[in-house]
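Peer 1: Quick one: sequence and predicted model below, then my questions.
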Amino acid sequence: PDQWSQNFNSCLELLAGPTDEKRFVGLLLAVRLLPQGGDAAIHKVIDALGWRFITRLLLPLSPSTAAALPSAPGTTSASQQQQVELTCGLGLSILSAACRLPDLAASPQVASLVPMLVGVAVQGGVGPRLGLRPCAASPPLTTVTAAATTAAAARCVPWTAAGGRRAHRQGTG
């Protein structure tokens, strides 16, 4: 098999791993490999992770959890902030990939996560959504996440709002 296939199979093994640490390493690989994969690759990643794990990654973005996070300066260390932003960013990357596929975008799992996706897009990234102060490592991740999230929200919302059918508007298919 080619190098991508070998790397992708290793990634899937990590994603299905017994510990969150292995799954997290698999996620880091998955977000790099998925752009070269097709629809089947997205399905395999989501099947390996499971929606429960993806939802856990995005838990800090839920309104009840975000409200409970400390937002005063000095209450969250830079490394804790970076970890939360990275974890949410990886979850949003997988959710964004799911939104590209009509069958996944119309699923109840994605529909339940769309408000978080839209919230990040509207507020300009994970950090602003969580009310976290900027730190040295967060601008590139936050900017990329905001752009990817906005694009994913635009793809996903028509599917979920139409109950699984693409909402037809002038200029869209």
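Peer 2: On my side now, so go ahead.

Peer 1: Which parts of the chain are helices?
Peer 2: Here the chain has its helices, by DSSP state H, at 3-15, 20-33, 39-49, 51-58, 63-68, 78-99, 102-105, 108-123, 126-130, 138-161.

Peer 1: which parts of stretch 50-57 are buried?
Peer 2: Neighbour counts over stretch 50-57 (16 or more other C-beta atoms under 10 Å) mark W51, F53, I54, T55, L57 as buried. All C-beta atoms are positioned from the backbone trio N, CA, C, and that covers glycine.

Peer 1: which stretches of this protein have low pLDDT?
Peer 2: 1, 64-76, 133-173 (pLDDT under 70).

Peer 1: cutoff 90 now
Peer 2: 1, 60-86, 114-173 (pLDDT under 90).

Peer 1: Could you look over the helices of the chain and pick the most buried one?
Peer 2: helix 126-130 (a mean of 23; mean count of other C-beta atoms under 10 Å).

Peer 1: Which strands and helices lie in contact with it?
Peer 2: Judged by 3 or more C-beta pairs under 8 Å, 6 or more residues apart in numbering; DSSP states H and E, helix 126-130 is in contact with helix 78-99, helix 108-123, helix 138-161.

Peer 1: Do I have it right that Q36 meets W4?
Peer 2: Yes: using C-beta atoms under 8 Å, Q36 is in contact with W4, at 5.7 Å.

Peer 1: which one is L132 nearest to, not counting chain neighbours?
Peer 2: Distances taken as C-beta to C-beta, 6 or more residues apart in numbering place Q81 nearest to L132, at 5.0 Å, with adjacent residues excluded.

Peer 1: Verify the stated contact: the one you found with G131.
Peer 2: No: contact criterion C-beta under 8 Å: Q81 and G131 do not qualify, at 10.6 Å.

Peer 1: Test my guess that V126 contacts V120.
Peer 2: Yes: contact between V126 and V120 holds when scored by C-beta under 8 Å: they sit 5.8 Å apart.
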